[in-house]
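In: Here is a sequence together with a model predicted from it:
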Amino acid sequence: MDKYDTLFDDTAPDDSVFTDKGALDPLGDPDEVVARDHQERELATLLTGIEEGYLPTTVSIYGPPGTGKTLTTRRLCAEYADRTDRLAVEYVNLKECRSLFSAANEIHFELTGTKKKAYEGLDGVFEGIWEALAEYPDWTVLILDEIDHIKHDSNYDPNDFFYRLLRGEGKLKRNIKLSAWLLSNELIDVDLRFDSRVESAMSDEEVFFSPYNYAKLRAIIEPRLERAFRDDGISDHAVDYGIGTAAVRWGDARKALTLFRQAGETANEESLEQVTEDCIDRNIETTDKASTVEKLLDLPVHHFFVLLGAATWTDTQTDEIVQPVTTEQVREGYSEYISEADRIGTRALRETITDLETMSLVETWVESKGSNGRVKQVETTFDPNWIVDIKDRYTEHSGAIEE
Ligand SMILES: Nc1ncnc2c1ncn2[C@@H]1O[C@H](COP(=O)(O)OP(=O)(O)OP(=O)(O)O)[C@@H](O)[C@H]1O
């Protein structure tokens, strides 16, 4: 027996509580969309509009993470496209796009399999998009996932992107019937503050995905638990408790699946016969932390360092992080990380704090300080050590500038 035999022997699951752990993979494609009847009906009504010759220019599909927006929208569109020759559906995820040019190019790539060169600019990319769509069926739904990752960049602002997408000359000239379905956590026009020409080109259609309550989460999770765990691999109490906790804390199916997978791993590590409530309890914070860290790593550079600025004030005696802090302290903390030439001004910093509050990463409130007037207090909604711990990872991941 060589060292690898021993290694594989040691790590092979032994009396595992799982029979098919993959059933808890949130990226896996479930057989059925459940508990979204209302949204499925709304989306189907929009799609069947082509039978009367109408699809809205835009549909805003929004709601918190893990509420089934991507799954439901893609599934509905694919099912309908299978039933008619008149509709094509394309899906593009914009999460990794660092500029508006690259976002448009990603759409171009999805339609043609090729990318445009930078010198062709946004106009060149959109011309390529319209040329490609001219060969498509009568109607096209373009699903743009994580559209909230689109931000102002040094060459274009989101209005330039949307105006071309909705009212591009090449589109009007070729009479292309394109409906852009915009998936995001916040309502996109509120988030990006569109100008009036973009506002007027957008339709009012909105479909909201609310956080899952206990009953809905149970309908989604229970069939997956049955596949994932062996008979008696998880106690009924743990199932109730895990789903209840996930519904109250997050309403997010992705986090609920992750919580049960990690709880199962804890049971295995401790050679337990069953996943218990205690296994669930011990993984709640891990699940919270994993999803917060993912969110933090995706923040734009100044948002990240402003937030870090709010998380790095320490007590000189105990070395523990102190919160809440004032806006002025946030600014000082932020200045530690970003060189003077690259820093944003006070007004932009205040707006960044407001953005962070909208993303539920900080809470703020105003306190009266007697003769010193009223002072805004800022506190992270998560353990501040989490952002301190990932500073280097963030810098590597984003190529951010540091002093
Ligand atoms: N209604 C549902 N029926 C079955 N599975 C679901 C449902 N909702 C969510 N899930 C599971 O949760 C996973 C995450 O859902 P989905 O990606 O659609 O969420 P989302 O709202 O688009 O999230 P985000 O805003 O983070 O992109 C799905 O891949 C699926 O495994």
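Out: The structure has been received and is ready for your questions.
In: For residue 188, which residues are in contact?
Out: 60, 62, 147, 148, 182 (C-beta atoms under 8 Å, 6 or more residues apart in numbering). For glycine as for every other residue, the C-beta is placed from the backbone atoms N, C-alpha and C.
In: Looking at those residues, point me to the pair that's furthest apart.
Out: 60 and 148 (10.9 Å; C-beta to C-beta).
In: So what does the nearest residue to residue 164 once chain neighbours are set aside have for phi and psi?
Out: Excluding the flanking residues, the one nearest residue 164 by C-beta to C-beta, 6 or more residues apart in numbering is residue 126, at 4.6 Å. Note on residue 126: backbone dihedrals following degrees, to the nearest 10 are phi -70, psi -40.
In: Give me the pLDDT value at residue 126.
Out: The model reports residue 126 with a pLDDT of 97.
In: Is it correct that it is in contact with residue 166?
Out: No. At 10.8 Å, residue 126 does not count as touching residue 166 under the criterion of C-beta atoms under 8 Å.
In: count of neighbours near residue 223?
Out: Residue 223: 15 surrounding residues under other C-beta atoms under 10 Å.
In: Spell out which residues sit in contact with the closest residue to the ligand within the chain, please.
Out: At 2.8 Å from the ligand, residue 68 is the closest residue in the chain, using C-beta to the nearest ligand atom. Going by C-beta under 8 Å, 6+ apart, residue 68 touches 33, 35, 36, 39, 209, 212, 220, 253.
In: Mind picking out the helix or strand in the protein with the poorest mean pLDDT?
Out: Ranked by mean pLDDT, DSSP states H and E, the weakest helix or strand in the chain is helix 188-192, scoring a mean of 68.
In: Isn't residue 299 up against residue 307?
Out: Yes. In terms of C-beta under 8 Å, residue 299 counts as a neighbour of residue 307; the distance is 7.0 Å.
In: More neighbours: which of these two?
Out: Higher neighbour count among residue 299 and residue 307: residue 307, with 27 against 22, using other C-beta under 10 Å.
In: who's in contact with the helix or strand where that one lies?
Out: Residue 307 belongs to helix 301-309 when assigned by DSSP states H and E. Taking contacts as C-beta under 8 Å, 6+ apart, the residues outside helix 301-309 that touch it are 296, 299, 329-338, 344, 348-349, 352-353, 355-356, 361-362, 380, 387-388, 391, 394, 398, 400-401.
In: Ok, stretch 375-392 next?
Out: Here stretch 375-392 has contacts from 288-289, 292-293, 296-297, 304, 307-308, 310-312, 321, 323-327, 330, 353, 360-367, 369, using C-beta under 8 Å, 6+ apart.
In: Give me the residue at the spatial middle of the chain.
Out: Residue closest to the mean C-alpha point of the chain, counted by C-alpha atoms, centre = their mean, is residue 65 at 5.7 Å.
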